[in-house]
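> need a structure here:
(3 chains)
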Amino acid sequence: MPYAVQTPVFEGPFDLLLHLILSEQVDLYEISLSRIVDGYLAELERMEHLDLDVASEFLLIAATLVELKSRRLLPQSDDMDLDEELALWEERDLLLHRLVECKTFKEAAIALAALAGDASRTVGRTGGVDERYAGLMPDLLAGVSPVDVRQAYLRAMAPKPRPRVDLDHVAPIRASVTDAIAELVDELPRVGRITFRALTGDLVERLAVVVRFLAILELFKLGMVDLDQPRTFGDIEIVWRGRNRDGAPGLDEVDVYDG
Amino acid sequence: MTGGMRDEARRAIEAIVLVSEQPIEANLLGQLLELSPAVVDELCRELAAEYEADGRGFQLARVAGGWRFQSHPDQAPYVERFVLDGQSAKLSAAALETLAIVAYKQPISRAQVAAIRGVSVDGVMRTLQQRGYIAEIGRDPGPGQAVMFGTTRAFLERLGLDAIDDLPALGDFVPSADVVEQLERGLRPEPTVAERLANGDGDHADPAAGRGDGDHADPGAGRGDGE
Amino acid sequence: MTGGMRDEARRAIEAIVLVSEQPIEANLLGQLLELSPAVVDELCRELAAEYEADGRGFQLARVAGGWRFQSHPDQAPYVERFVLDGQSAKLSAAALETLAIVAYKQPISRAQVAAIRGVSVDGVMRTLQQRGYIAEIGRDPGPGQAVMFGTTRAFLERLGLDAIDDLPALGDFVPSADVVEQLERGLRPEPTVAERLANGDGDHADPAAGRGDGDHADPGAGRGDGE
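This is a model prediction of the structure:
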């Protein structure tokens, strides 16, 4: 498990993004969205390798990042829907705002830790009164009957209302890149050659599209598909290069094909 | 108030604060001694200064809205040796961040905290609640009636604060303009000024521009190169 | 022993004894400070004389073979007033629930009580123990050797019970004057079959009975029976 030792575990997508953008000691003008997106995706991949349950929060932010990056690749596009473009900008601003907010509370947390550290150097007295005064203690059970005790017990044992979790910020599905790869390894040999647009035509969820995109990149890296883009900014064509249709490799064996 | 009465009140304060199991409010001390809270606070400050001047191993301190006796921070090494159960386990980074959000944004719902942190906070919030640092302090009047959380006295005691207003201002922690600019640039979906200039000049030798072009042609390439 | 070392040791003694909830033996203090018990006793006597000379409202006293801080006897009137007025004279709902859990589940550890209540119970358990309603009654034989708590004779006496088995059984509930009173106060005890029958026969004009009917639909009603 060399990974576990080398790299920090990120608390969440903002944590990871802050790390990627702020830890690079580069000239301001050299910060590039592409590099950050690559770093983010590499980290996602690492988490999958570590068999961590990659939370949908990470994937949602990945979706936004990939979309931002893909916009960057297009020139001042004419065919882009203006609403879509505005929505993307809004999303970006929101993401930026959340990063700033997250960073603010990270700093605040450091200050709280310092306060707690100072405070832990003192211990308050809880010794209370000595036995001389024990008789004076008012009887706290005055007016309490055995039945009250039973009632209190039943109250205490009653199942607590389950905390209702607001899932607004979480995608309803948990898409996994690994699953997507498995699907593609099953599907691509049958079709041989397909455009990315066609491959994702039936997907409604943006997140699902992104996950497929990540899966394709993964397969490309492994040399199992070729990517071809005949026209600049045109459709991306995916060509299956896998050798053995029937013996479609399990993901564990995928590395064998590398190189 | 004569000097004798003053001495009398000071002694009574010492006795009562000593036997109180938690920080005791100036109000309550005032009621017991028939003094105004302001006078009580003044006498307590006097006593505190005296202990410090005498080099005592304890302090009279104002914590969580009341006065209490506590060991002097200097003596932490000895006290830690004695208080074996390390009474307050260290708070994790996640717990501290969550606590900071609740402290500054209270009252706040679990979902709102999760939105700020970008991850689910159910487990952390439950732990903080169990440890008594946060508590349910009401319900959102809105349609969802979400449970709203706030910090507790125990939180103030843990941080050695007198009141929640004594927290440093949140504004102190807002990232500097430099950092914000860096973040903004990291998420900028258009060519940077440098690139635009480079492209405009048609300077093909510029490696940055070259890299950009590579990306255009093949979305996978940049990634592959990086590996 | 130099003067500086002496001062250092005195301060450490003040700090440790202040935070200790029990009288602390010279032996133990000596171990912590790497001093002989005789020297510790000497330093403690010195400190005690100093507090007396300074007219402090507290004392350092030797009790039950150890040293402790306590309020000065001549401050007793104030301490009494504090004990009588200063503390809430009623058990909070939370404290009563904690006490009830200990009563029905004894022997039980602090952690087990906390697990049931879902919040930290350290403070409440300490108060209940100080009031003499619960006490340590042994140790868990398991690996953790957790302290196990149970209720005391005083608890039984206050409730007018002979033995812990005389607590109302959880399954069969006999309505009493208390229940009616509770209904009127808006608390909702779970009615049993017997009660339901009684209500069915009963006086429809009775507001308490009417409220009881509402409870029947409550799936929680059967819960008590299941215990």
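> quick one: the lengthiest helix in chain A to chain centroid distance?
Across chain A, the longest stretch assigned as helix under DSSP state H is helix A:82-119. A distance of 15 Å separates the centroid of the chain from that of helix A:82-119, by Cα atoms, centre = their mean, to the nearest Å.
> go on, stretch B:66-76?
With Cα atoms, centre = their mean as the basis, the distance from the averaged C-alpha position of stretch B:66-76 to the chain average is 20 Å.
> rewinding a little: the longest helix of chain A and chain C in contact?
No - shown here: helix A:82-119 not in contact with chain C (Cβ under 8 Å from any Cβ of the partner chain), separated by at least 13.9 Å. Yep, even glycine has a C-beta here, placed from its N, CA and C like the rest.
> as a whole number, average confidence for that helix?
Model confidence over helix A:82-119, given as mean pLDDT, is 90.
> elements contacting it?
With contacts defined as 3 or more Cβ pairs under 8 Å, 6 or more residues apart in numbering or on different chains; DSSP states H and E, helix A:82-119 has these neighbours: helix A:13-23, helix A:56-73, helix B:93-105, helix B:110-117, helix B:153-159, helix B:177-186.
> how about the helices in chain B?
With DSSP H as the criterion, chain B has helices at B:3-19, B:26-33, B:37-53, B:76-82, B:93-105, B:110-117, B:122-130, B:153-159, B:177-186, B:193-201, B:207-217, B:219-226.
> Test my guess that residue B:56 contacts residue C:11.
Yes - counting by Cβ atoms under 8 Å, residue C:11 is a contact partner of residue B:56 at 6.9 Å.
> Pull up the overlap in contacts between those two.
When contacts are counted by Cβ atoms under 8 Å, 6 or more residues apart in numbering or on different chains, residue B:56 and residue C:11 are jointly contacted by residue B:72.
> Quick check: residues of the stretch 51-200 of chain A near chain C?
The stretch 51-200 of chain A comes close to chain C at residues A:123-130, A:132-134, A:136-142, A:144-158, A:160, as judged by Cβ under 8 Å from any Cβ.
> Next, the angle helix A:56-73 makes with the longest helix of chain A.
130 degrees (axes from the mean of the first three to the mean of the last three Cα atoms, to 10 degrees).
> Sort out which residues of helix A:82-119 are buried, please.
A:88, A:92, A:95-96, A:98-109, A:111-113, A:115-116, A:119 (16 or more other Cβ atoms under 10 Å in any protein chain shown).
> ok, now stretch B:122-141?
Applying a neighbour-count criterion of 16+ other Cβ under 10 Å, one finds B:124-125, B:127-135 buried in stretch B:122-141.
> Report the distance from it to the chain centre.
Chain-centre distance of stretch B:122-141: 15 Å, with Cα atoms, centre = their mean.
> Stretch A:182-190 now?
Remark: stretch A:182-190 is offset 26 Å from the chain centroid, using Cα atoms, centre = their mean.
> I'd like the distance between the residue most central in space within chain B and chain C.
A centroid search over chain B (Cα atoms, centre = their mean) returns residue B:100, at 4.5 Å, as the residue closest to the centre. Note on residue B:100: its distance to chain C, by Cβ to the nearest Cβ, to the nearest Å, is 20 Å.
> ok, that residue - contacts?
Taking Cβ under 8 Å, 6+ apart as the contact definition, residue B:100 lies against A:105, A:108-109, A:111-112.
> and which of the residues you listed is nearest to chain C?
Nearest to chain C among those is residue A:112, at 19.1 Å by Cβ to the nearest Cβ.
> mind listing what residue 54 touches?
Since you didn't name a chain, this refers to chain A. For residue A:54, the contacting residues are A:44, A:47-48, A:176-177, by Cβ under 8 Å, 6+ apart.
> that's a helix at residue A:227, yeah?
No - going by DSSP: H, G, I helix; E, B strand; the rest coil, the assignment for residue A:227 is strand, not a helix.
> so how far is chain B from it?
Distance of residue A:227 to chain B, computed by Cβ to the nearest Cβ: 5 Å.
> Look up how far chain C lies from residue A:11.
Taking Cβ to the nearest Cβ as the measure, residue A:11 and chain C are separated by 24 Å.
> Also residue B:142?
Between residue B:142 and chain C the computed distance is 25 Å (Cβ to the nearest Cβ).
> now residue B:69
Distance check for residue B:69 against chain C: by Cβ to the nearest Cβ, it reads 6 Å.
> What of residue A:186?
When distance is defined by Cβ to the nearest Cβ, residue A:186 is 47 Å away from chain C.
> Work out for me the element that residue sits within.
helix A:177-191 (DSSP states H and E).
> Flag every buried residue along that helix.
When neighbours are counted by 16+ other Cβ under 10 Å, the buried residues of helix A:177-191 are found to be A:177-178, A:180-181, A:184-185, A:188-189.
> As TSV, the residues you listed with pLDDT and distance to chain B would be great.
As requested, those are arranged in TSV below (pLDDT from 0 to 100; distance: Cβ to the nearest Cβ, whole Å):
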residue	pLDDT	distance to chain B
A:177	74	13
A:178	77	17
A:180	80	15
A:181	82	14
A:184	83	14
A:185	85	17
A:188	83	15
A:189	83	20
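> Turn those residues into JSON lines, columns for distance to residue B:186.
Rendered in JSON lines, the data for the buried residues of helix A:177-191 read as follows (distance: Cβ to Cβ, whole Å):
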{"residue": "A:177", "distance to residue B:186": "23"}
{"residue": "A:178", "distance to residue B:186": "28"}
{"residue": "A:180", "distance to residue B:186": "27"}
{"residue": "A:181", "distance to residue B:186": "28"}
{"residue": "A:184", "distance to residue B:186": "30"}
{"residue": "A:185", "distance to residue B:186": "34"}
{"residue": "A:188", "distance to residue B:186": "34"}
{"residue": "A:189", "distance to residue B:186": "39"}
